[in-house]
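K.L.:
Provided below for reference: sequence and predicted model.
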Amino acid sequence: MATTAREKFSSQASPDVLTALRQIAEGQGRQFQAVLDEALRDYIDRQQKTRPRRHVMASFASSLDEFDHLYRELAK
């Protein structure tokens, strides 16, 4: 397995969150930093997937403008 470059950072979290992450890491036999990295990646993925990209929304709005009459007919 290739090593991934890491960058140190400092932050704060509530004790219950840190305890839960440590318990997960221990229960899975993994390092704390690996579990934290996975949690951050999952959060980023969810945030990026829940917000439609600007060009997608622009295309959707254009489609609504162009085909509004058709959509209304199909909705009947």
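P.N.:
Received it, and whenever you're ready, just let me know what you need. Numbers count the residues shown, from 1 in each chain.
K.L.:
when you work out contacts or count neighbours from here on, use the C-alpha atoms and nothing else.
P.N.:
OK.
K.L.:
only the buried residues of the helix or strand that contains residue 23, if you could.
P.N.:
In the assignment (DSSP states H and E), residue 23 maps to helix 15-28. For helix 15-28, a neighbour-count test (16 or more other C-alpha atoms under 10 Å) marks 21-22, 24-25 as buried.
K.L.:
show me where the chain has its strands.
P.N.:
Assigned by DSSP state E, the strands in the chain number zero.
K.L.:
residue boundaries of the helices in it?
P.N.:
Along the chain, the segments classed as helices by DSSP state H run 15-28, 32-50, 54-75.
K.L.:
relative to residue 9, which of the ones you listed is closest?
P.N.:
Distance to residue 9, taken as C-alpha to C-alpha, is lowest for helix 32-50 among the helices of the chain, at 11.6 Å.
K.L.:
and the closest one with helix 15-28, angle?
P.N.:
Helix 32-50 runs at 110 degrees relative to helix 15-28, counting by axes from the mean of the first three to the mean of the last three C-alpha atoms, to 10 degrees.
K.L.:
quick one: pLDDT of residue 28?
P.N.:
In this model, residue 28 is scored at 97, pLDDT.
K.L.:
please determine how far residue 29 is located from residue 22.
P.N.:
Look at residue 29 and residue 22: by C-alpha to C-alpha, to the nearest Å, they are 10 Å apart.
K.L.:
what does residue 39 give?
P.N.:
12 Å.
K.L.:
how about residue 15?
P.N.:
10 Å.
K.L.:
poorly predicted segments of the protein, please.
P.N.:
For the chain, the stretches flagged by pLDDT under 70 are 1-3.
K.L.:
hmm, try it at 50
P.N.:
In the predicted model of the chain, no residue satisfies pLDDT under 50.
K.L.:
out of the buried residues of helix 15-28, who's nearest residue 55?
P.N.:
Using C-alpha to C-alpha, the buried residues of helix 15-28 come closest to residue 55 at residue 21, 36.9 Å.
K.L.:
list the contacts for the closest one?
P.N.:
Residues in contact with residue 21, defined by C-alpha atoms under 8 Å, 6 or more residues apart in numbering, are 32, 35-36.
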